[in-house]
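Novice: mind folding the following:
(chains A, B, C and D)
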There are 2 protein chains.
Amino acid sequence: MMDLSNGRPAGKEAVKDAASERVMAELALAIHEHRLQPGAKLSEDEVGAVYGVSRTVVRAALQQLAHDRLVELRRNRGAYVAQPSVREAREVFEARALLEPRTARSAAERVTEADITALRRHIEDEHAALDMGEPGRALHLSGLFHIEIARIAQQDTIEDFIRQLIARSSLIIALYWQRRTALCESHAHDALLNALASGNGDLAEELMKSHLLDLVSSLDLRNVNSAPRTLQEALGG
Amino acid sequence: MMDLSNGRPAGKEAVKDAASERVMAELALAIHEHRLQPGAKLSEDEVGAVYGVSRTVVRAALQQLAHDRLVELRRNRGAYVAQPSVREAREVFEARALLEPRTARSAAERVTEADITALRRHIEDEHAALDMGEPGRALHLSGLFHIEIARIAQQDTIEDFIRQLIARSSLIIALYWQRRTALCESHAHDALLNALASGNGDLAEELMKSHLLDLVSSLDLRNVNSAPRTLQEALGG
DNA sequence: TGTGACAATGTTGTATACGATTATGTTTCA
DNA sequence: TGAAACATAATCGTATACAACATTGTCACA
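Specialist: Okay, here's the model as predicted:
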């Protein structure tokens, strides 16, 4: 079985109920950090055993994740980590291109000193994770950077959308990333930070736009394997 | 108790399971048509009794609706139809302004003859509902018009977001609508249809943008009552 | 009469049980 | 030997049961 406990104390302190939210967060993190691969089966009994809860709460967590399209529920067949299609991948990044540049502009107009220092430390964490050979964690932090910008823009609703899109982006990257770009484009985040720090909304919007384009171009979204990877069939070649 | 059965046969034919989805759809429709007011309590036992299912499936439905922000779940206290704050209302329409105009443009570029006739009939239904004195139903149809445009644009992901936003808009309108504009702005939909039919993406984008602005301006979003309507406290004035 | 503690009631959170569906393994017959 | 049919096992969908929590009503006491 895959290890899902990830070291952390799993927050037994603040837990009264919210059991399903805890399970959901743990599963989401495991997906974000690529410890759970697309297509992995999430049996209710098994997950429940791992976290010491009943199927009831696991079901609730899985339904939440399914709503965010991180897992796919097949009727009477179980829950599986989602496998976004190429088309879905394109759509996710189109949606991000629609939402994030303008949000970056708003963020530049509302950013505070505290935000800047937080972002700066965030980027340091990213670099540290990369240097320590934890690409999964680095990727997760990289996503959080985008979410942080939405938070700074003070747009809770759009922040929620971006949160969903970034979660799905994590799956997309797991499926379609091509290794070539090794730098993990973290310079883009530095540039964005500078634009925000100087309050330059135009520049922030433009940087975010091109950053997203870079991201898409680092993916291999040719229509090969367009059909989802239920590929026992993919072996027929 | 409020009547939720709404006449329709409630689809006993296609039902094997999917019971929770049926309950969710029924509740969502009741909210969209303003048969359920913001703040209304949705007791699990009560809802279960209405639809003849157990609390288990009601809970699943309520959690889905909570994820869409149509209902609010208070821990150990139950589910209530959401009451968007003024701030939330603004954010919802800002998000719509970000997503829908560009989506209308895409729709204009991809619309088919069949789409046009479907939209045309849709508008007729809207007018009919208005004439027959069913403003709730007219409002619901009006929302579906927007969703239909997103569908035509062939952007499933963005369509999902727009669907959520329109559902919340329905609540916002229930709370903040001011009666003045009587025409219910349905001419805007006619104009949009024409722009789509002629494939004029620029015009469609522009019309959608101003349509949304009109919608916002028909709301009363002054910060009075900015705090949510848990207002037994609101009576302290 | 007003305030605080306590009991009663109702509702939600979670676990478990059972029927239904799907997947798997074995057997049998051509 | 191969394929179809059946039996078996595993997993999910739903209902029900019980415990935990919140709310409300009542009573005692200052």
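Novice: need the pLDDT of the spatially most central residue of chain A.
Specialist: Among the residues of chain A, A:Ala167 comes closest to the average C-alpha position under C-alpha atoms, centre = their mean, at 2.9 Å. Listed pLDDT for A:Ala167 reads 96.
Novice: that one: helix or strand, and which one exactly?
Specialist: helix A:156-176 (DSSP states H and E).
Novice: up against DNA strand C, what does chain A have?
Specialist: A:17-20, A:52-57, A:60, A:75-77 (C-beta under 7 Å from any atom of the strand). Quick note: C-beta positions are derived from backbone N, CA and C, even for glycine.
Novice: which ones are touching the residue in chain A that DNA strand C sits nearest to?
Specialist: The nearest approach of chain A to DNA strand C comes at A:Ser54, 3.0 Å away (C-beta to the nearest atom of the strand). For A:Ser54, the contacting residues are A:Gly48, by C-beta atoms under 8 Å, 6 or more residues apart in numbering or on different chains.
Novice: now do 10 Å
Specialist: For A:Ser54, the contact set (C-beta atoms under 10 Å, 6 or more residues apart in numbering or on different chains) comprises A:19, A:44-45, A:48.
Novice: next: A:Ala28.
Specialist: By C-beta under 10 Å, 6+ apart, the residues touching A:Ala28 are A:36, A:61, A:64-65, A:68, A:70-71, A:140, A:167, A:170.
Novice: restricting to C-alpha, output the helix or strand encompassing it in CSV.
Specialist: When elements are assigned from DSSP H and E, A:Ala28 belongs to helix A:19-32. The C-alpha coordinates for helix A:19-32 follow below in CSV (Å, rounded to 0.1, in the frame of the first residue of the first chain):
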residue,chain,number,x,y,z
ALA,A,19,-12.7,14.4,10.2
SER,A,20,-13.8,14.3,6.6
GLU,A,21,-12.0,17.6,6.0
ARG,A,22,-8.9,16.3,7.4
VAL,A,23,-9.0,13.2,5.2
MET,A,24,-9.8,15.4,2.2
ALA,A,25,-6.8,17.6,2.9
GLU,A,26,-4.5,14.7,3.4
LEU,A,27,-5.6,13.1,0.2
ALA,A,28,-5.4,16.4,-1.7
LEU,A,29,-1.9,17.0,-0.4
ALA,A,30,-0.8,13.5,-1.4
ILE,A,31,-2.2,14.2,-4.9
HIS,A,32,-0.6,17.6,-5.1
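Novice: partner strands of the next helix or strand after it, with direction?
Specialist: Downstream of helix A:19-32, the first helix or strand assigned by DSSP H and E is strand A:41-42. Strand pairing for strand A:41-42, determined by DSSP bridges: strand A:78-81 (antiparallel).
Novice: contact partners of the strand it pairs with?
Specialist: Under C-beta under 10 Å, 6+ apart, the answer for strand A:78-81 is A:27, A:30-31, A:36-44, A:46-47, A:58-59, A:61-63, A:65-66, A:70-74, A:171, A:174, A:230.
Novice: what do you get if the cut-off is 8 Å, keeping everything else the same?
Specialist: A:31, A:36-44, A:62, A:65-66, A:70-74, A:171.
Novice: pLDDT (mean, whole number) over that strand?
Specialist: Averaging pLDDT along strand A:78-81 yields 95.
Novice: mind checking how far it is from the chain centre?
Specialist: Its chain's C-alpha centre and that of strand A:78-81 lie 18 Å apart, by C-alpha atoms, centre = their mean, to the nearest Å.
Novice: the next helix-or-strand element following it: which residues count as buried?
Specialist: Using DSSP H and E, the helix or strand that follows strand A:78-81 towards the C-terminus is helix A:86-110. Using 16 or more other C-beta atoms under 10 Å in any protein chain shown as the test for burial, helix A:86-110 gives A:86, A:88-108.
Novice: show me what helix A:86-110 is packed against.
Specialist: Where contact means 3 or more C-beta pairs under 8 Å, 6 or more residues apart in numbering or on different chains; DSSP states H and E, helix A:86-110 is packed against helix A:135-152, helix A:156-176, helix A:186-197, helix A:201-217, helix B:86-110, helix B:156-176.
Novice: right, is stretch A:214-221 up against chain B?
Specialist: No: judged by C-beta under 8 Å from any C-beta of the partner chain, stretch A:214-221 and chain B are separated, with a smallest distance of 14.2 Å.
Novice: pull the CA atoms of that stretch into PDB?
Specialist: Listed in PDB are the C-alpha atoms of stretch A:214-221, where the atom choice follows Å, rounded to 0.1, in the frame of the first residue of the first chain:
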ATOM      1  CA  ASP A 214       5.400  29.100 -20.600                       C
ATOM      2  CA  LEU A 215       3.800  26.600 -18.300                       C
ATOM      3  CA  VAL A 216       1.500  25.300 -21.100                       C
ATOM      4  CA  SER A 217       4.400  25.100 -23.500                       C
ATOM      5  CA  SER A 218       6.300  23.000 -21.100                       C
ATOM      6  CA  LEU A 219       3.600  20.400 -21.400                       C
ATOM      7  CA  ASP A 220       3.200  17.800 -24.100                       C
ATOM      8  CA  LEU A 221      -0.400  18.200 -25.100                       C
END
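Novice: chain center to that stretch: distance?
Specialist: Distance, stretch centre to chain centre, for stretch A:214-221: 16 Å (C-alpha atoms, centre = their mean).
Novice: which intervals of chain A have sub-threshold pLDDT?
Specialist: A:1-17, A:180-186, A:224-237 (pLDDT under 70).
Novice: returning to what we had before: which of the contacts of A:Ser54 lies closest to A:Glu159?
Specialist: A:Ala19 (25.2 Å; C-beta to C-beta).
Novice: look up how far A:Ala191 lies from the closest one.
Specialist: Taking C-beta to C-beta, to the nearest Å as the measure, A:Ala19 falls 42 Å from A:Ala191.
Novice: likewise A:His122?
Specialist: Here the criterion is C-beta to C-beta. By it, A:His122 lies 15 Å from A:Ala191.
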